[in-house]
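J.: just need the structure, nothing else, for what follows:
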Amino acid sequence: MHTNDTHAHLDNVAKRVTAVKEVRASKPNALLVDAGDAFSGTLYFNEFKGQADLEFMNLMEYDMMTFGNHEFDLGSSSEGHKALADFVKGAKFPFVSSNVNFDKDKNLKDLVRDTITDSPENGKIYNGIIKEVEGEKIGFFGLTTEETADIASPVDVTFSDYIEEAEKAVAALEAKGVNKIVAVSHLGFDDNPAYDNDITLASAVDGIDLIIGGHSHHELKEPVVVTKDENGKEKDPTVIVQAYQYGDYLGTVDVEFDKDGKVVGQAGQLIKVADKQEDAEAAAMLEKYSSKIEELKSTPSGGTAVEALENPRDKGDTTKPSVRKNETKLGNLITDGMLEKAKEYNKDTVIAFQNGGGIREGIDQGEITLGEILTVLPFGNTLATMKLTGAEIIEALEHSVHLAPAEHGGFLHVSGLKYTYDSSKPAGERVQKVQVKEADGFTDLQPSKTYVVATNAFTAKGGDGYTVFQKAYEEGRVTDLGLSDWENLRDHVKNLGTVNPQIEGRVVDVAGEKPATLTAAQFNGTANNPKTHTGDIVVNIADGDTLEHAIVNGTLTIKGASNEELTISNITVNGDLDLTGLTGSEFNLNAVEVSGETLL
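T.: Reported below is the predicted structural model:
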């Protein structure tokens, strides 16, 4: 049995207990394993810091767990990883972790046992564990995504290369006579391969028979079997499973081996927890926790949502909307509140960013409660301002959409800014037209100009891989205002009273759209103020005989015929120049630069 990414969702835990008991009734030797991210996500975590989740995990008699990235969310708090250490010490099960180094963390280092054992102690962390099931030895080791350094606050906890550490763990287990090996993985099923994922792990490391996965919240309704290595050659099968999120499912998988430890059969399913009856003992246990937060959950914020503000995820279907790749009404509401609050402390703030991965839930129609707000923004981030050039902002926006149309937790929701991008273009070359809202309305972002930008401190320090922000932080261009993000949202909805944000075209993917067609008058700038055009454009010269003083960040196509000889002068094209559409016109080129080369 396996779970992952439960994120402190305990309202359904009494039904999960029933599901576990039912499986054990038919298969008494079944193991129960968690692939990480029990921390962060609801008021249960805000209030009890993992201890409520732990009591139920102990009740269900988990056999082991590995660490998710969110287990390290509290590292930069005044107490550091004390809550995680308390969670580990209180567990009536051990932890497996092969690529995480705890040696420099004062709270966790003494809990580590740098070994592989068949006699693990509860509340300790091991490189690997050997369990015996029906007379057969099964080896387990754990992996946590290296991306944790970017998307959480591990501080003194560091992460090693997952492929190298997996190979070491497999070799060590095989040296102990184990030929049935399980990786308990918080890497993500098919996440960004620049970091790590289960598909790559399965193909690159020989000897892993089963991967119990987490992190990407995939709803794998049946196991995925990888039978080819990284070179496309046949290999022994590796079975991958993952059970979605929030304890909505209890995953189960049975694996059949031959005498040499090769997988010859497998079957798995996701058991829908909502379909079960509550376990009476667990329901009574939950009451002592749920009653304590009920008052907090029901406290009115002062705002009322005209309609439900959804927080969609695409579950791996790139055709569906997601908070991690699309503008949402809720994202607009949050960033508007950030910008409004930041302006109170720095009137020059003109833009706000919020990473989509930090928005965890939606808001129901009607009265907005404090509990809803805390659940939407559960990580306790503070508001920060940054001084960035326009060029740095464009670099950040490129990172925001570099995986589109796939999800990315670092996708930025924006306020005070709007832009288009083309997801069909190579990563790093996608951002098209960028405009910022200033006193006189929206104007083109100027690469050399400095802007004040608000975001949460996690993102401002380089979270989600924003090295451009990290650089600004290290250079002293970031100011942490110390204002909690949920309090900012609470104040914003209270000020609004009636809450009715809309989709406004702040972030638009233009992939597949035809280039804009301009007249010469629309295209031309002046010598003192050249006009900048972002993205591919077409200019029809039927109404003019001069194209001049412009910068095109894309392909410039000129077509049609002018009444006079056409003059093209003082134009820079950072892309291609296509003149094949000109008919019956002579033309002169003067100071025209295309892709860094001056034509005339």
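J.: and Phe587, bridged to which residues?
T.: Here Phe587 sits in beta bridges with Leu566, going by DSSP bridges.
J.: excluding sequence neighbours, find me the nearest residue to the most centrally placed residue in the chain.
T.: Nearest to the mean C-alpha position of the chain, by Cα atoms, centre = their mean, lies Gly409 at 1.9 Å. Leaving out its chain neighbours, the residue that sits closest to Gly409 by Cβ to Cβ, 6 or more residues apart in numbering is Gly357, at 2.6 Å. Every residue, glycine included, has its C-beta placed from N, CA and C.
J.: thought that neighbour was touching Ile151?
T.: Yes: the criterion here is Cβ atoms under 8 Å, and Gly357 meets it with Ile151 at 6.9 Å.
J.: these two: which is more packed in?
T.: In terms of neighbours (other Cβ atoms under 10 Å), Ile151 is the more surrounded of Gly357 and Ile151; the figures are 23 against 19.
J.: how about the contacts made by that one?
T.: Contact analysis of Ile151 by Cβ atoms under 8 Å, 6 or more residues apart in numbering lists 69, 357, 409-410, 463-465.
J.: closest to Asp110 among those?
T.: Nearest to Asp110 out of the contacts of Ile151 is Asn69 (Cβ to Cβ; 22.6 Å).
J.: re the thing from before, just the buried residues out of the contacts of Ile151, in PyMOL syntax.
T.: Selecting only the buried entries of these in PyMOL, with 16 or more other Cβ atoms under 10 Å as the criterion:
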select buried, resi 69+357+409+410+463+464+465
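J.: redo the contacts of Ile151 as a markdown table? Include pLDDT, secondary structure and distance to Leu296.
T.: Below are those laid out as a markdown table (pLDDT from 0 to 100; DSSP: H, G, I helix; E, B strand; the rest coil; distance: Cβ to Cβ, whole Å):
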| residue | pLDDT | secondary structure | distance to Leu296 |
| --- | --- | --- | --- |
| Asn69 | 93 | helix | 26 |
| Gly357 | 96 | helix | 24 |
| Gly409 | 95 | coil | 27 |
| Gly410 | 97 | coil | 30 |
| Gly463 | 92 | helix | 27 |
| Asp464 | 95 | helix | 29 |
| Gly465 | 95 | helix | 34 |
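J.: what's the closest of the contacts of Ile151 to Ile537?
T.: Using Cβ to Cβ, those come closest to Ile537 at Gly410, 29.2 Å.
J.: got phi/psi on that closest one?
T.: Main-chain torsions, Gly410, degrees, to the nearest 10: phi -90, psi 0.
J.: that one: what's its closest spatial neighbour, skipping adjacent residues?
T.: Asp464 (3.1 Å).
J.: show the contacting residues for that neighbour.
T.: For Asp464, the contacting residues are 150-151, 355, 357, 408-410, 458, by Cβ under 8 Å, 6+ apart.
J.: from those residues, which single one is nearest Ile125?
T.: Comparing these against Ile125 with Cβ to Cβ picks out Ile151 as the nearest, at 21.1 Å.
J.: parallel or antiparallel, which strands does the worst-scoring helix or strand of the chain on mean pLDDT pair with?
T.: Across the helices and strands of the chain, the lowest-confidence element by mean pLDDT, DSSP states H and E is strand 478-484, at a mean of 81. Sheet pairing for strand 478-484, assigned by DSSP bridges, gives strand 382-389 (antiparallel).
J.: give the next helix or strand downstream of the strand it pairs with.
T.: Following strand 382-389 in sequence order, the next helix or strand is helix 390-400 (DSSP states H and E).
J.: which element is encountered next along the chain beyond that next one?
T.: Per DSSP H and E, the first helix or strand lying C-terminal to helix 390-400 is strand 412-415.
J.: so which elements touch that following strand?
T.: Contacts defined by 3 or more Cβ pairs under 8 Å, 6 or more residues apart in numbering; DSSP states H and E place strand 412-415 against helix 329-345, strand 349-355, helix 390-400, strand 507-509.
J.: select, out of these, the one closest to Val306.
T.: Across the helices and strands packed on strand 412-415, Val306 has its closest neighbour in helix 329-345 (10.1 Å, Cβ to Cβ).
J.: what's that closest one packed up against?
T.: By 3+ Cβ pairs under 8 Å, 6+ apart, helix 329-345 packs against strand 349-355, strand 382-389, strand 412-415, strand 450-456, strand 478-484, helix 485-496.
J.: now Ser160: closest residue in space that isn't a chain neighbour?
T.: Computed as Cβ to Cβ, 6+ apart, the closest residue to Ser160 that is not its neighbour in sequence is Asn99, at 4.4 Å.
J.: wait, isn't the one you found in contact with Val157?
T.: No: using Cβ under 8 Å, Asn99 is not in contact with Val157, being 11.1 Å away.
J.: count the residues that sit near Gln502.
T.: Residues near Gln502, counting by other Cβ under 10 Å: 8.
J.: pLDDT score for it?
T.: Per-residue confidence (pLDDT) for Gln502: 94.
J.: against Gly128, how distant is the residue nearest to Ser160?
T.: 12 Å (Cβ to Cβ, to the nearest Å).
J.: now swap in Gly177 and tell me
T.: Gly177 is 13 Å from Gly128, by Cβ to Cβ.
J.: care to break this protein down by domain?
T.: Domain assignment for the chain, taken from automatic domain parsing, gives 2-284, 299-509, 516-598.
J.: can I get these in TSV including distance to Ile293?
T.: Shown next, in TSV, are the domains of the chain (distance: least, Cβ to Cβ, whole Å):
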stretch	distance to Ile293
domain 2-284	5
domain 299-509	7
domain 516-598	48
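J.: which of the ones you listed sits closest to Ser290?
T.: domain 2-284 (7.4 Å).
J.: that older thread, and the helices and strands packed on strand 412-415: which comes nearest Trp486?
T.: Judging the helices and strands packed on strand 412-415 by Cβ to Cβ, what sits closest to Trp486 is helix 329-345, at 10.0 Å.
J.: tell me the mean pLDDT over that closest one?
T.: 96.
J.: tilt between it and strand 349-355?
T.: Put simply, helix 329-345 runs at 140 degrees to strand 349-355, going by axes from the mean of the first three to the mean of the last three Cα atoms, to 10 degrees.
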